[in-house]
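[1] no sequence for this one, just the structure:
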């Protein structure tokens, strides 16, 4: 398969998608086009849909695993820019185009002395992906401050505004995830003025800041603390550090039904000992969320665990990140993911689900 890249009118040079994902993996696309304006983005997708051409809308590539064979179709890279602050009912409403770098957006809100996004510092990718994934970290999720999104409905070809309550936002997901029915063009978030953070909920972050959970802290202090914690886990992109050549957390924290939990805890106790303390957190519907990182480690996959041929490995800083050590293929990464998933399942009876979007490949 050959790939081409260009502006709206066509292209010339082969371009593997590995250059557009944080894993640095993925073969070429048949066609690669950048959209710098929302109308252009919508037009390119509509055009592909009208002709029956496959299309992959590409953001920052931070949550994407692309097959070694690449993508047989048109890749439309979101390169739209722009953000605006407005006062709405005593709050500050931030409107951001989908192609804005997410961490640049967060940094700007902190610079403006606005709270609510500071715990989401250092997360790679573009703004348009945040409602799709219901991005979250350190006790905060996008669902808490998202107001609405403008999206292209690919069935009707129309652009419409959808309220956050209608997006089915759940833990690391929404009705937009794992479907190509719509493309996010921009998003709106509600922020607080005054320079103070949202209440600190996450114990690790509270310890880093030297405060009690529930405290409010200067937003700049919270951002710096979050960045320190993320860097220590290899979760801030660094081209020189292979521990950051990842898609972030590869597996979501599993959520277990109430009737299944006793059996899971019994298996854990049998393997790790009856006195072991299992990290667990309440989830919606009376369910319980377990720590994927803890389960992976206790199943025998520690930090730095190497995949086939040493070309992939769990990060040396965080067991949830599957990393490309520099010469890996997508299939190498998937082989490691299968090993970890199957190991946790056989040891604890818990199924781990991948967090990234898998393009023309599967576990």
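    Thanks, I have it. What you are looking at is a predicted structure, and each value in this text was computed from that prediction instead of being measured.
[2] quick one: residue 330 and residue 26 touch, right?
    Yes - counting by Cβ atoms under 8 Å, residue 330 sits close enough to residue 26 to count as a contact (6.3 Å). (Glycine included, C-beta is placed from N, CA and C.)
[3] which residues are common contacts for these two?
    Taking Cβ atoms under 8 Å, 6 or more residues apart in numbering as the contact criterion, the common neighbours of residue 330 and residue 26 are 65, 66, 67, 68.
[4] most surrounded residue in those residues?
    residue 66 (29 neighbours; other Cβ atoms under 10 Å).
[5] with distance to residue 142 and secondary structure added, can I get the shared contacts of residue 330 and residue 26 in CSV?
    Written out in CSV, the entries for the shared contacts of residue 330 and residue 26 read as follows (distance: Cβ to Cβ, whole Å; DSSP: H, G, I helix; E, B strand; the rest coil):
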residue, distance to residue 142, secondary structure
65, 22, strand
66, 24, strand
67, 28, coil
68, 32, coil
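[6] those into JSON lines, with extra columns for distance to residue 281 and pLDDT?
    As requested, the shared contacts of residue 330 and residue 26 are exported to JSON lines (distance: Cβ to Cβ, whole Å; pLDDT from 0 to 100):
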{"residue": "65", "distance to residue 281": "27", "pLDDT": "98"}
{"residue": "66", "distance to residue 281": "32", "pLDDT": "98"}
{"residue": "67", "distance to residue 281": "34", "pLDDT": "98"}
{"residue": "68", "distance to residue 281": "37", "pLDDT": "97"}
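[7] farthest-apart pair in the residues you listed, please.
    Across the shared contacts of residue 330 and residue 26, no pair lies farther apart than 65 and 68, at 10.5 Å, counting by Cβ to Cβ.
[8] hey, what's in contact with both of these two?
    Shared contacts of residue 65 and residue 68, defined by Cβ under 8 Å, 6+ apart, comprise 25, 26, 330, 361.
[9] check what pLDDT the third one gets.
    Just to be clear, that refers to residue 330. Among the per-residue scores, residue 330 holds a pLDDT of 98.
[10] what is the burial count for it?
    By the measure other Cβ under 10 Å, the count of residues near residue 330 is 26.
[11] who touches it in this structure?
    The contact partners of residue 330, by Cβ under 8 Å, 6+ apart, come to 23, 25, 26, 65, 66, 67, 68, 361.
[12] same deal with the first one?
    The contact partners of residue 25, by Cβ under 8 Å, 6+ apart, come to 18, 65, 66, 68, 324, 328, 329, 330, 333.
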